[in-house]
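Participant: no FASTA, just this:
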């Protein structure tokens with residue numbers, strides 16, 4: 001099963017500069033994982049403080065590896081300190097997807 005997770009998180013716009021190194025570390029760590037096909041954490045240019053999340057994994061095993069990774073623990077640990085909130089995520093099984 002190929003899995004895509006998509007959603008958003010929020011941080012106070014004045015905390016974005018503090019969050020950016022954590023965004024970079026999370027993306028770099030995730031993209032280096034086996035089975036990670038794509039991973040993005042992107043600031044929304046029209047809504048300051050809104051971070052769009054896109055994750056694409058080859059299968060559930062790759063996603064489980066990701067969730068248990070040290071960089072994922074570090075990512076989650078920075079949330080309270082930086083005031084990250086309003087996490088909204090959805091998961092999609094895209095096993096029969098095709099490139100168009």
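Facilitator: Everything's here; your move. Fair warning: this is a prediction, and the values are worked out from it, not measured in the lab.

Participant: if I pick the spatially closest residue to residue 15 that is not a sequence neighbour, what's in contact with it?
Facilitator: What sits nearest to residue 15 in space, not counting adjacent residues and going by CB to CB, 6 or more residues apart in numbering, is residue 82, at 5.2 Å. Using the backbone N, CA and C atoms, a C-beta is placed for each residue, glycine as well. Under the criterion of CB atoms under 8 Å, 6 or more residues apart in numbering, the contact list for residue 82 reads 11, 15, 18-19, 22.

Participant: confidence score at the residue nearest in space to the middle of the chain?
Facilitator: Centre of the chain computed as the mean C-alpha position; nearest residue by CA atoms, centre = their mean is residue 53, 4.6 Å away. Residue 53 carries a pLDDT value of 98.

Participant: Residue 46 too?
Facilitator: For residue 46, the predicted pLDDT is 98.

Participant: Look up phi and psi at it.
Facilitator: Comment: the main-chain dihedrals of residue 46 come out as phi -100, psi -10, following degrees, to the nearest 10.

Participant: Quick one: neighbours of it, just the number.
Facilitator: By the measure other CB atoms under 10 Å, the count of residues near residue 46 is 5.
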